[in-house]
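[1] here's a sequence, model it:
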Amino acid sequence: GPVSTPARLRAALDLVRSLAGEEVAPWLTAGRAAFLLADAATAKIFAEDLLAAVAPKLTDGERASVLFWSGECARRIGDLATAEPLLDEAASLDPARPEAFIVLCLTLEASQRWPELARVLERRLAIADGDERFALLLRLGDLELQKLHDRAKAARSYGAALEERPGDRNLLTRLMALYADEKDWDRLVDVVVRLSTFVDDARQRAKYLHTAAIVCARQLGDVESALRYYDEAFAADPTLSKALEEAIALRKERGEWAVARALLEKRRARARAQGNAAEEAATLDELGALCEAHLQDPEGAIDAYEAAQALAPAAGPREEALAALYARDPARFLDKAVASHMRLLGRDPYRVESYRLLRRLYTESKHADDAWRLCQVLAVLHLAEPDEERFYLRHRADSAAPAAAPLGEADWDALLHPDADPRLTR
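    A predicted model of the protein is given here:
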């Protein structure tokens, strides 16, 4: 407001004081002019004179106006203790006019009288509706949370505001933070899922749904809901790898192997689309193990392991798993089983289980010569079972077979071990 009062206005105010008597109209006209044009101290004094002169003749609305002028002028000059009751009475006398309420809130904020401010906001809520009611509830919730440190009341105020505007993202974000701090997991999930429905960006929506899934799984133990939200999150953003990994883990925990297999296939497809051979091979290994151990699908396991081996050839558990799977069906996979075990023996010539398995495979497939040679190896290594020892000895020749022709260079080349040096061995 003005920092000084013009001399002519000051003279006019003095004239009203001396001549108006108990006439309300000139007092109100002069009082409004003083409020708008005079300095705060002068206007406040005149408003007090006005009330002293004609207070009994004022309507509630007129009295509310004068009290507002006086209270606002007191606030401007820093007299908050005087301003507060004047503005409080003005707001109560004429609730339809928000000026006194607004300035009263400013006064209480300046004096940091937070409980009193909360009561004023609650009183205003009783008559407010629409946008004003929503704004009041939001303001009250912030006050209760940040100044009064009453999370329960803040949650109620925000909840009431949410009824006014169910899709307000700022409010939902406030509630999300509040419920997370309070560990109110059910309400947190509800708010996060609501937030997901009001965002246009698919990746942001997936993040909200992923959060809901994590809370359901880890805090509420609601696996069904968690899996639903994981599926929705991955559908919204197929690049959200964490959602897919956690969904796979949950499906496995529940023994839902067929669903876990489908999710692994999705992960493989994503890795292939990204050109990530290492991840695709690792996923195929996981698929193979799942098919073998839980789905009783050896063919599916073989397909997965073979595809992984084609992408990332490696010795170790995968090759051993393939060798064991081939051995289950020698009628179809004898050659592959033999090749696998020969590779294993190439790395470990004393791998007894490969010799035994190859002997069994040859016996079952009626390859007598090959079976005998395996019995011979086992006997030489002193590892043959009694029946293998007998079979070997029974069919072993007592003397060397007569040579039909001398060995030529090509014969020697075929007989020499690949690691042998032809300059030293002949």
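[2] and the helices in the stretch 151-300 of the chain?
    151-164, 169-182, 185-197, 202-215, 223-236, 241-253, 257-273, 277-293, 298-311 (DSSP state H, counting those that start in this stretch).
[3] correction: the previous question concerned the stretch 301-426 of the chain.
    Ranges of helices within the stretch 301-426 of the chain are 317-328, 330-347, 352-364, 368-380, 386-395, 409-415, based on DSSP H, counting those that start in this stretch.
[4] which strands or helices does the fourth one pack on?
    When contacts are defined as 3 or more C-beta pairs under 8 Å, 6 or more residues apart in numbering; DSSP states H and E, helix 368-380 sits against helix 352-364, helix 386-395. (Glycine included, C-beta is placed from N, CA and C.)
[5] can you check what angle separates the longest one from helix 386-395?
    Helix 352-364 and helix 386-395 are oriented at 60 degrees to each other (axes from the mean of the first three to the mean of the last three C-alpha atoms, to 10 degrees).
[6] residue 106 is in what secondary structure piece?
    If you go by DSSP states H and E, residue 106 is part of helix 99-110.
[7] may I have that helix as CSV, with CA atoms only?
    Taking Å, rounded to 0.1, in the frame of the first residue of the first chain, the C-alpha atoms of helix 99-110 are listed here in CSV:
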residue,chain,number,x,y,z
GLU,A,99,-10.2,-11.7,1.0
ALA,A,100,-10.2,-11.9,4.8
PHE,A,101,-9.6,-15.7,4.7
ILE,A,102,-6.6,-15.3,2.3
VAL,A,103,-5.0,-12.5,4.3
LEU,A,104,-5.6,-14.4,7.6
CYS,A,105,-3.8,-17.4,6.2
LEU,A,106,-0.9,-15.2,5.2
THR,A,107,-0.8,-13.7,8.7
LEU,A,108,-0.8,-17.1,10.4
GLU,A,109,1.9,-18.3,8.0
ALA,A,110,4.1,-15.3,8.8
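[8] ok, and for that helix, which residues are buried?
    Using 16 or more other C-beta atoms under 10 Å as the test for burial, helix 99-110 gives 99-101, 103-108.
[9] now what about it, what contacts it?
    64, 67-68, 71-72, 75, 80, 83-84, 87-88, 90-91, 94-95, 114, 116-117, 120-121, 124 (C-beta atoms under 8 Å, 6 or more residues apart in numbering).
[10] give me the buried subset of those.
    Neighbour-count burial within these applies to 64, 67-68, 71-72, 75, 80, 83-84, 87-88, 90-91, 94, 114, 116-117, 120-121, 124; the criterion is 16+ other C-beta under 10 Å.
[11] among those residues, which lie within helices?
    Within those, residues falling in helices by DSSP state H are 64, 67-68, 71-72, 75, 80, 83-84, 87-88, 90-91, 114, 116-117, 120-121, 124.
[12] got TSV for the helices of the stretch 151-300 of the chain, with distance to residue 8, mean neighbour count and mean pLDDT too?
    Output for those, formatted as TSV (distance: least, C-beta to C-beta, whole Å; neighbours: other C-beta atoms under 10 Å; pLDDT from 0 to 100):
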stretch	distance to residue 8	mean neighbour count	mean pLDDT
helix 151-164	50	18	91
helix 169-182	50	17	89
helix 185-197	61	20	92
helix 202-215	63	21	94
helix 223-236	71	20	92
helix 241-253	75	18	91
helix 257-273	82	17	93
helix 277-293	86	20	94
helix 298-311	95	19	93
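[13] sorry, back to before: as a markdown table, the helices of the stretch 301-426 of the chain with distance to residue 176 would be great.
    Converted to a markdown table, these look like this (distance: least, C-beta to C-beta, whole Å):
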| stretch | distance to residue 176 |
| --- | --- |
| helix 317-328 | 44 |
| helix 330-347 | 54 |
| helix 352-364 | 57 |
| helix 368-380 | 68 |
| helix 386-395 | 71 |
| helix 409-415 | 76 |
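[14] so what's residue 260 closest to, chain neighbours aside?
    Distances taken as C-beta to C-beta, 6 or more residues apart in numbering place residue 251 nearest to residue 260, at 4.0 Å, with adjacent residues excluded.
[15] on that earlier part again, looking at the buried residues of helix 99-110, spot the one nearest residue 395.
    Ranked by distance to residue 395 (C-beta to C-beta), these are led by residue 105 at 106.3 Å.
[16] how close does the closest one sit to residue 123?
    In this structure, residue 105 and residue 123 are 11 Å apart, going by C-beta to C-beta, to the nearest Å.
[17] and what of residue 66?
    Distance from residue 66 to residue 123, by C-beta to C-beta: 21 Å.
[18] the two - which one has more neighbours?
    Per other C-beta atoms under 10 Å, whichever of residue 66 and residue 123 has more neighbours is residue 66, with 24 against 15.
[19] contacting residues around that one?
    If you count contacts by C-beta under 8 Å, 6+ apart, residue 66 has them with 28, 31, 47, 50-51, 58.
[20] so which of these sit within helices?
    If you go by DSSP H, those have 28, 31, 47, 50-51 in helices.
[21] in the stretch 301-426 of the chain, where is pLDDT below threshold?
    Within the stretch 301-426 of the chain, the stretches with pLDDT under 70 are 315, 401, 422-424, 426.
[22] could you rerun that using 90?
    When residues are selected by pLDDT under 90, those of the stretch 301-426 of the chain lie in 312-324, 326-426.
[23] surely residue 174 is in contact with residue 141?
    Yes. Residue 174 lies in contact with residue 141 (C-beta atoms under 8 Å); the separation is 7.1 Å.
[24] who touches both of the two?
    With contacts taken as C-beta under 8 Å, 6+ apart, residue 174 and residue 141 have residue 158 as neighbours in common.
[25] ok, the nearest residue to residue 295 once chain neighbours are set aside - contacts?
    Leaving aside its chain neighbours, residue 295 sits nearest to residue 257 (5.4 Å; criterion: C-beta to C-beta, 6+ apart). Taking C-beta under 8 Å, 6+ apart as the criterion, residue 257 is in contact with 251, 290, 294-295.
[26] let's see it at 7 Å
    By C-beta atoms under 7 Å, 6 or more residues apart in numbering, the contact list for residue 257 reads 290, 294-295.
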